[in-house]
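Q: any chance you could fold what I've pasted below:
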Amino acid sequence: MTFTITPATPPDYPSIARLIQTVWQALDQKSWFAADNDDYTLHMLESGQGIAFKAVDQTSQALAGIFMLVFPGLSEENLGRDINLSETDLLKVAHMDSAAVLPQYRGHGLQNKLMQAAEAEARQRGYRYLMCTVHPDNHYSKNNVLKQGYHVIATKEKYGGYTRNILLKEIKK
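A: Numbering: from 1, shown residues only. From the prediction side, this is the model:
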């Protein structure tokens, strides 16, 4: 299979939200994935506080996976607060927010490819700290992120009481 990875636009949000919910519904361990809702997805895309990247199967033109990149600014949700970054550095944090790949498209490295597209965008925009969270037992996602140069910097409760590893990759200038 061959995939095209491109930025999504606000009109893509219904299909993105459906894909996220489909992936979440299929999970055995639902606590491993904090599924974004329609409102959040639309807000991120319309406000410019986030960018979604989509992977489309070139043969069928079906949406196979998505990845959300979020720019948290000085919000309380900024993961840089968990490592006591200064306000100046908080503005240099980008969140590798959500990855979702439909089961029939897994095994093609899409999470990795989508994350690389998001990283390239963050780098181009001048972000220095790339941060994400992963459930400690979600070895597939955690290993994907570790292979891309991230490292675990903390384990804390996030998203209303769910335990998460917080991972960081620092972009060198």
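
Q: can you map out the helices along the chain?
A: All helices of the chain, identified by DSSP state H, fall at 13-26, 38-47, 87-90, 110-124, 139-147.

Q: highest average neighbour count across the ones you listed?
A: helix 110-124 (a mean of 18; mean count of other CB atoms under 10 Å). All C-beta atoms are positioned from the backbone trio N, CA, C, and that covers glycine.

Q: and it, what does it pack against?
A: Other elements packing on helix 110-124 under the criterion 3 or more CB pairs under 8 Å, 6 or more residues apart in numbering; DSSP states H and E are strand 3-7, strand 50-57, strand 63-70, strand 93-101, helix 139-147.

Q: from residue 130, how far out is residue 92?
A: As judged by CB to CB, to the nearest Å, residue 92 and residue 130 stand 10 Å apart.

Q: the worst-scoring helix or strand of the chain on mean pLDDT packs against which elements?
A: Lowest on mean pLDDT, DSSP states H and E among the helices and strands of the chain sits helix 38-47, with a mean of 79. Here helix 38-47 touches helix 13-26, strand 50-57, strand 63-70, going by 3+ CB pairs under 8 Å, 6+ apart.

Q: before we move on, the earlier item: which of the helices of the chain has the lowest average pLDDT?
A: Ranked on mean pLDDT, the bottom entry among these is helix 38-47, at a mean of 79.

Q: got the angle between it and helix 13-26?
A: Per axes from the mean of the first three to the mean of the last three CA atoms, to 10 degrees, the angle that helix 38-47 makes with helix 13-26 is 140 degrees.

Q: tell me the angle of helix 38-47 relative to strand 50-57?
A: Using the same axes, to 10 degrees, helix 38-47 lies at 100 degrees relative to strand 50-57.

Q: what angle separates helix 38-47 from strand 93-101?
A: Per the same axes, to 10 degrees, the angle that helix 38-47 makes with strand 93-101 is 130 degrees.

Q: centre of the chain to helix 38-47, how far?
A: Here helix 38-47 is found 14 Å from its chain centre; the criterion is CA atoms, centre = their mean, to the nearest Å.

Q: give me the contact list for it.
A: 8-10, 12-14, 16-17, 20, 36, 49-52, 68, 70 (CB atoms under 8 Å, 6 or more residues apart in numbering).

Q: ok so, going back, which one's more surrounded, residue 92 and residue 130?
A: Using other CB atoms under 10 Å as the criterion, residue 92 and residue 130 rank with residue 130 on top: 26 against 19.

Q: OK, contacts around that one?
A: Residue 130 touches 93-94, 96, 119, 122, 150, 168-171, counting by CB under 8 Å, 6+ apart.

Q: for residue 136, find the nearest of the helices and strands packed on helix 38-47.
A: Nearest to residue 136, of all these, is helix 13-26, at 18.7 Å by CB to CB.
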